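Enquirer: with the input below, show me the fold.
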Amino acid sequence: MTEDERKALGLRRRLAFQNLANGVPEERIRANLRLSELELEQAQKFVARKITEYLVLRRQPPIPCGDLREIRWNRQSLLGVLAKIGDLDLSTELTLSRITVQAIDHPEMVAGAAARMNEAYSR
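Expert: From the prediction side, this is the model:
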């Protein structure tokens, strides 16, 4: 894949995510960007994971973006981060392929998460 093709792929993913976040109907996005339903869903998930990866790599707290409701709820923050990610970056594989974000709202969960983090960083 050439660099121009990678930029075009990244731009399509960016536009799909931006339009979904801004409430544009999915049918309209698919028609305008010539995406199948599966491709649109994959673009949404990929860009959300890229945003999470970007934040984790910079040691910033993740923004909930696991589903369309969360994406629309956190639209301004997510789109602000997305603006910092280049189109070429949106066409490359994830550096951190297994990022899990979960709410920790109980003291036992905090202790368990801390133990897992210590174990992961001690390797």
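Enquirer: can you count the residues close to residue 85?
Expert: Using other CB atoms under 10 Å, residue 85 is surrounded by 16 other residues. (Each C-beta comes from the backbone N, C-alpha and C, glycine too.)
Enquirer: surely it meets residue 53?
Expert: No: at 9.3 Å, residue 85 does not count as touching residue 53 under the criterion of CB atoms under 8 Å.
Enquirer: and what about the residue nearest to the spatial centre of the chain, helix, strand or coil?
Expert: Per CA atoms, centre = their mean, the C-alpha nearest to the average position across the chain is that of residue 48, at 1.4 Å. Taken by DSSP: H, G, I helix; E, B strand; the rest coil, the conformation at residue 48 corresponds to helix.
Enquirer: isn't it right next to residue 64, touching?
Expert: No: assessed by CB under 8 Å, residue 48 is found out of contact with residue 64, at 9.5 Å.
Enquirer: mind listing the helices for the chain?
Expert: Secondary structure of the chain (DSSP state H): helices located at 3-21, 26-33, 37-57, 68-73, 75-82, 107-121.
Enquirer: what is the fifth one packed up against?
Expert: Right, the one you point to is helix 75-82. In terms of contacts (3 or more CB pairs under 8 Å, 6 or more residues apart in numbering; DSSP states H and E), helix 75-82 is packed against helix 3-21, helix 37-57.
Enquirer: could you dump these to a markdown table with mean pLDDT and distance to residue 108?
Expert: Output for the helices and strands packed on helix 75-82, formatted as a markdown table (pLDDT from 0 to 100; distance: least, CB to CB, whole Å):
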| stretch | mean pLDDT | distance to residue 108 |
| --- | --- | --- |
| helix 3-21 | 96 | 35 |
| helix 37-57 | 95 | 24 |
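Enquirer: now render these as TSV, adding distance to residue 75.
Expert: Below are the helices and strands packed on helix 75-82 laid out as TSV (distance: least, CB to CB, whole Å):
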stretch	distance to residue 75
helix 3-21	4
helix 37-57	12
